[in-house]
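Peer 1: Just need the structure, nothing else, for what follows:
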Amino acid sequence: MVGISEVMGAVGALSITAAGLLGVELKKRTVQKQEELLEKEKELEKLKTKQKQELEKVIEETRENYAASLYEPEVINENEKRNAIIIVGIGGSGKTTLIKALFDQTANPNKPTLAFKQCPPYHEFINSIKYNYYIADYQGQNIGGLITNLLREQKKPNSPLTLGAINSIIFMVDVVEPIDPDVRHKNANLTEYSDKWRERVNKHIKEWSPTALDAIFGLVTTDSLKYVCLFINKKDMLPNVSVDDVLQEYQELITNLRLRTNRESIEYSILYASAQNGENLNQLRIQLRKNSIGYNQDKPS
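Peer 2: Numbering: from 1, shown residues only. Okay, here's the model as predicted:
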């Protein structure tokens with residue numbers, strides 16, 4: 001017969017065994033939990049890494065898009081065209097008068113352009129196409145000033161005057177020194193100007209030396225540059241001087257511009273005209289319209 005002590009011993013042994021088994025099971029479960037937690041931590045870390053990478057990608061794309069926007073013009077629609085135009089020339093040659101005649105009726109020709117002026121965009125509709133013209137008027141005595149102001153434009157997202165988006169350059173010259181508007185309006189005797197016009201032409205030719213022209217073309221010549229115009233202004237002021245004489249006097253500048261435009265296959269025209277009375281302005285309008293860039297053509301090279 002089994003004694004009580006033996007039964008108690010067996011119960012104690014079973015208790016110890018059960019406790020041991022329970023401890024093992026608890027330990028096993030703890031290890032499993034720890035492994036599960038470790039796995040979840042790894043998954044969370046992977047998720048965080050993935051999210052971080054995605055976030056970094058978004059940030060990088062945003063930076064790239066912003067950087068690209070500094071060098072790309074404003075996007076236009078399929079039924080639109082654009083022409084970013086820089087007008088350069090010494091003071092008093094008629095740049096603001098030309099802008100007023102072509103684009104901006106609020107421009108004041110009697111107020112000198114100090115350095116670099118970006119005019120309000122001008123829009124016109126021709127055959128259901130919207131033409132967008134962006135114009136900058138620059139006083140040409142300081143090429144460094146032009147370069148500085150153009151570089152400032154590069155800091156403006158989607159600037160129409162970013163270096164890779166300039167489509168036309170108008171070199172504005174003339175045949176007569178600036179005169180009082182009242183004198184011109186009254187059609188006063190212009191004989192004195194007829195005697196001095198060659199001096200004025202020489203002043204322009206010295207301004208646009210080969211070095212100055214190389215600086216301009218080196219700065220803005222890309223695939224986007226389509227048109228260059230030499231606009232010889234104030235034809236109405238020299239009624240007694242022939243067109244051939246004026247063109248002959250400007251031959252050096254005409255040739256220097258032709259050499260550079262031919263080298264880059266850029267369309268080039270010479271206009272002896274009057275911004276004041278509109279003579280031959282329509283030819284310039286046609287060229288600016290013709291050389292406007294359409295949808296998906298306005299990416300700089």
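Peer 1: Mean confidence (pLDDT) on stretch 90-97, please.
Peer 2: Model confidence over stretch 90-97 averages 88 on the pLDDT scale.
Peer 1: do the same with stretch 121-133
Peer 2: Rounded mean pLDDT across stretch 121-133 is 87.
Peer 1: ok, and what's touching it?
Peer 2: Defining contact as C-beta atoms under 8 Å, 6 or more residues apart in numbering, one finds that stretch 121-133 is touched by 76-77, 79-83, 85, 102-104, 134-135, 160, 288-289, 292. Quick note: C-beta positions are derived from backbone N, CA and C, even for glycine.
Peer 1: Same check on stretch 278-298?
Peer 2: Residues from elsewhere that reach stretch 278-298 (C-beta under 8 Å, 6+ apart): 72-73, 75-83, 85, 98, 101-102, 126, 131-133, 165, 167-168, 170, 224, 226-227, 229, 231, 235-236, 267, 269, 271-275.
Peer 1: how far does stretch 200-215 stretch from start to finish?
Peer 2: Using C-alpha to C-alpha, to the nearest Å, the end-to-end distance of stretch 200-215 comes to 23 Å.
Peer 1: before we move on, the earlier item: out of the contacts of stretch 278-298, list just those in helices.
Peer 2: The helices, defined by DSSP state H, take in Leu98, Ala101, Leu102 from the contacts of stretch 278-298.
Peer 1: Quick one: the residues you listed as a markdown table, columns for neighbour count too.
Peer 2: Converted to a markdown table, the ones in helices among the contacts of stretch 278-298 look like this (neighbours: other C-beta atoms under 10 Å):
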| residue | neighbour count |
| --- | --- |
| Leu98 | 26 |
| Ala101 | 21 |
| Leu102 | 20 |
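Peer 1: Closest one to Val246 out of these, please.
Peer 2: Using C-beta to C-beta, Leu98 comes nearest to Val246 of the ones in helices among the contacts of stretch 278-298, at 17.5 Å.
Peer 1: Of the contacts of stretch 278-298, select the buried ones using a ChimeraX command.
Peer 2: Selecting only the buried entries of those in ChimeraX, with 16 or more other C-beta atoms under 10 Å as the criterion:
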select :72,73,76,80,81,82,83,85,98,101,102,131,132,133,165,167,168,170,224,226,227,229,231,235,236,271,272,273,274,275
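Peer 1: Restricted to strands, list the contacts of stretch 278-298.
Peer 2: Among the contacts of stretch 278-298, DSSP state E puts 80-83, 85, 126, 131-133, 167-168, 170, 227, 229, 231, 267, 269, 271-272 in strands.
Peer 1: for stretch 173-192, what is the average pLDDT?
Peer 2: 68.
Peer 1: Can you list the residue ranges for helices in this structure?
Peer 2: Under DSSP H, the chain gives helices at 4-69, 95-102, 143-153, 181-185, 191-207, 210-220, 243-249, 251-263, 281-290.
Peer 1: quick one on the thing from earlier: Throw the ones in helices among the contacts of stretch 278-298 into TSV and include distance to Val31, thanks.
Peer 2: Compiled in TSV, the ones in helices among the contacts of stretch 278-298 are given as follows (distance: C-beta to C-beta, whole Å):
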residue	distance to Val31
Leu98	86
Ala101	88
Leu102	84
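Peer 1: From those, pick the one nearest Val176.
Peer 2: Leu98 (14.9 Å).
Peer 1: thought the closest one was touching Ile170?
Peer 2: Yes - the pair Leu98 / Ile170 is scored as a contact, 7.5 Å apart, by C-beta atoms under 8 Å.
Peer 1: rewinding a little: looking at the ones in helices among the contacts of stretch 278-298, which is nearest Gly89?
Peer 2: Taking C-beta to C-beta as the measure, Gly89 lies nearest Leu98 of the ones in helices among the contacts of stretch 278-298, at 9.2 Å.
Peer 1: what about the closest one, distance to Ile286?
Peer 2: Remark: distance between Leu98 and Ile286 (C-beta to C-beta, to the nearest Å) = 15 Å.
Peer 1: Could you do Ala101 as well?
Peer 2: Using C-beta to C-beta, Ala101 is found at 14 Å from Ile286.
Peer 1: Repeat that for Glu177.
Peer 2: Going from Glu177 to Ile286 by C-beta to C-beta gives 30 Å.
Peer 1: Any idea which helix or strand in this protein has the lowest mean pLDDT?
Peer 2: strand 116-118 (a mean of 51; mean pLDDT, DSSP states H and E).
Peer 1: Mean pLDDT lowest where, among the helices of the chain?
Peer 2: Looking at the helices of the chain, the lowest mean pLDDT belongs to helix 181-185 (a mean of 57).
Peer 1: for the residue nearest to Ile270 when sequence neighbours are not counted, which residues make a bridge with it?
Peer 2: Of all residues not flanking Ile270 in the chain, Leu230 sits nearest, at 4.8 Å (C-beta to C-beta, 6 or more residues apart in numbering). Going by DSSP bridges, Leu230 is paired in beta bridges with Phe171, Ile270.
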